[in-house]
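J.: sequence-free structure coming up:
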Ligand code: ATP
């Protein structure tokens, strides 16, 4: 049985449906990211799990118990918001101990828990400081420590890293994930940052228009997106128009401009016009005499670990990502031939693509 279940959760504001019949089953100790663009209903969903927003319909079930009508402070969940909301007049230790005091924990046990939690987020010795005496990254850790101090069964994170600079954010991803694993806390993270979702989660719920459109491991979601939206939201992708010509045992024969590709159909039955997806890192420059698609380099950018190329071809412009292996790719204006392994192509029928 799943530890945390959202069953048909919905929320309307007037006649606007912010969340529409969302169901999700989270296993104990699992880390799930709700990933989607601004306004897709991520925060509203999290707030319903936390108990700050009443659902218009649906249930929240925790460990087999319906908690839909239970008050937020009685749910045993730790919540961290984007605006850390630390109490400015309290020291770090007092901030972390606040929830424990509210729960009636005695002084000595509380002090022990505060110091353990400070250590967990690597802030040992800073318990006497005030929030204004800390850096942004340290304040962030205090907010996380405050949520963890009560040893919650569920941790809810709403874009908690969005105020940190890129380097600090990356460090926090790794650290927070390690803490979450060591404590085994069931966690839901709201984010619009696909790297954050991919690096931290066991599974990603891609959201669009108040619904989950795909729920999958980061690898599966990246490799097998279920729609153009899901594909474009998780990394860059190239979308080509193709025509299915024949279906074989494992592949479909699909015409892409002058080319015919053998694209794995994965048990589906696409017909007619299909969207074909190819990730930038799956396209390469063909060697001399190798077959492929004729193209011209329009843009060439050096990004350190890799080169980003945009090339024009008969089937449209394509983005390529080439690892920086010491060879400089052809300059802008050069005619080249590009190709890929057909096994790296994915396709969806035009209707599925727009789902
Ligand atoms: P963001 O990443 O920008 O925070 P989000 O995916 O978390 O976006 P929500 O905050 O859940 O989105 O909002 C979903 C939709 O519901 C938005 O269109 C928002 O304007 C609307 N909404 C949220 N709260 C209210 C409210 N209290 N009253 C009216 N509309 C609301």
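T.: Good, I have the coordinates. The structure presented is a predicted model; accordingly, all values stated were derived computationally and were not measured.

J.: and the gap between the residue nearest the centre of the chain and residue 126?
T.: Computing the C-alpha centroid of the chain and ranking residues by C-alpha atoms, centre = their mean puts residue 197 first, at 2.7 Å. For residue 197, the distance to residue 126 equals 30 Å [C-beta to C-beta, to the nearest Å]. The C-beta positions use only the backbone N, C-alpha and C, and glycine is treated the same way.

J.: ok, now residue 335?
T.: Using C-beta to C-beta, residue 335 is found at 60 Å from residue 126.

J.: okay, those two: which has more neighbours?
T.: residue 126 (17 against 10; other C-beta atoms under 10 Å).

J.: tell me the backbone dihedrals of the nearest residue to that one once chain neighbours are set aside, please.
T.: In space, not counting the residues next to it along the chain, residue 126 is nearest to residue 92; the distance is 5.5 Å by C-beta to C-beta, 6 or more residues apart in numbering. Phi and psi for residue 92, reported as degrees, to the nearest 10, are phi -60, psi -50.

J.: quick one, helices of this protein?
T.: 42-50, 92-102, 107-120, 136-149, 166-183, 194-200, 218-223, 228-233, 350-353 (DSSP state H).

J.: give the residue spans of the stretch 51-200 of the chain that score low on pLDDT.
T.: Residues of the stretch 51-200 of the chain meeting the criterion pLDDT under 70: 84.

J.: close to the ligand: what parts of it are there?
T.: residue 192 (C-beta under 6 Å from any ligand atom).

J.: quick check, the residue in the stretch 51-200 of the chain closest to the ligand?
T.: For the stretch 51-200 of the chain, the residue closest to the ligand is residue 192, as judged by C-beta to the nearest ligand atom, at 5.2 Å.

J.: so what's that residue up against?
T.: 35-38, 42, 159 (C-beta atoms under 8 Å, 6 or more residues apart in numbering).

J.: which among the residues you listed count as buried?
T.: Restricting these to buried positions leaves 35-36, 42, 159, with burial counted as 16 or more other C-beta atoms under 10 Å.

J.: how near is the closest residue to residue 25 other than its chain neighbours to residue 27?
T.: When the adjacent residues along the chain are set aside, residue 25 lies closest to residue 2, with 3.7 Å between them (C-beta to C-beta, 6+ apart). Per C-beta to C-beta, residue 2 is found 6 Å from residue 27.

J.: same check on residue 105?
T.: Between residue 105 and residue 27 the distance is 29 Å, computed by C-beta to C-beta.

J.: tell me which of those two has more neighbours.
T.: The residue with the greater number of neighbours, taking residue 105 and residue 27 and applying other C-beta under 10 Å, is residue 105; the counts read 17 against 14.

J.: so the more buried one sits against residue 112, correct?
T.: No: counting by C-beta atoms under 8 Å, no contact exists between residue 105 and residue 112, whose distance comes to 9.7 Å.

J.: quick revisit: among the buried ones among the contacts of residue 192, which ones are in strands?
T.: residue 35 (DSSP state E).

J.: switch the buried ones among the contacts of residue 192 over to TSV; also include distance to residue 276.
T.: Output for the buried ones among the contacts of residue 192, formatted as TSV (distance: C-beta to C-beta, whole Å):
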residue	distance to residue 276
35	24
36	24
42	30
159	34
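
J.: and the buried ones among the contacts of residue 192, which is the shakiest by pLDDT?
T.: Confidence by pLDDT is poorest for residue 159 among those, given 90.

J.: so who does that one touch?
T.: Shown in contact with residue 159 (C-beta under 8 Å, 6+ apart): 81-82, 190-192.

J.: one more: residue 86?
T.: 95, 131, 139, 142-143, 146 are the contacts of residue 86 under C-beta under 8 Å, 6+ apart.

J.: in space, what's closest to it - neighbours in sequence excluded?
T.: Setting aside the residues directly before and after it, residue 86 is nearest to residue 131 in space (C-beta to C-beta, 6+ apart), at 4.4 Å.

J.: ok, the one you found to residue 9 distance?
T.: Taken as C-beta to C-beta, the spacing of residue 131 relative to residue 9 amounts to 34 Å.

J.: between these two, point out the one with more neighbours.
T.: It is residue 9, of residue 131 and residue 9, that has more neighbours when counted by other C-beta under 10 Å, with 26 against 18.

J.: isn't the more buried one right next to residue 61, touching?
T.: No: using C-beta under 8 Å as the test, residue 9 is too far from residue 61 to be in contact (10.7 Å).

J.: identify the bridge partners of residue 79.
T.: Beta-bridge partners for residue 79, by DSSP bridges, are residue 156.

J.: how about residue 22?
T.: Under DSSP bridges, the beta-bridge partners of residue 22 are residue 9.

J.: burial of it, as a residue count?
T.: Here the neighbour count serves as a burial measure; for residue 22 (other C-beta under 10 Å) it reads 23.

J.: next up, the contacts around it.
T.: Applying C-beta under 8 Å, 6+ apart, we find residue 22 in contact with 6, 8-10, 41, 45, 58, 210-212.

J.: most neighbours among the residues you listed, which one?
T.: Neighbour-wise, those (other C-beta under 10 Å) top out at residue 45, 28 neighbours.

J.: that one contacts residue 33, correct?
T.: No: at 11.9 Å, residue 45 and residue 33 do not qualify as touching, with contact defined as C-beta under 8 Å.

J.: overlap in contacts, those two.
T.: Common contacts of residue 45 and residue 33 (C-beta under 8 Å, 6+ apart): residue 190.

J.: per-domain residue ranges of this protein.
T.: Split into domains by automatic domain parsing, the chain comes to 4-226, 236-353.
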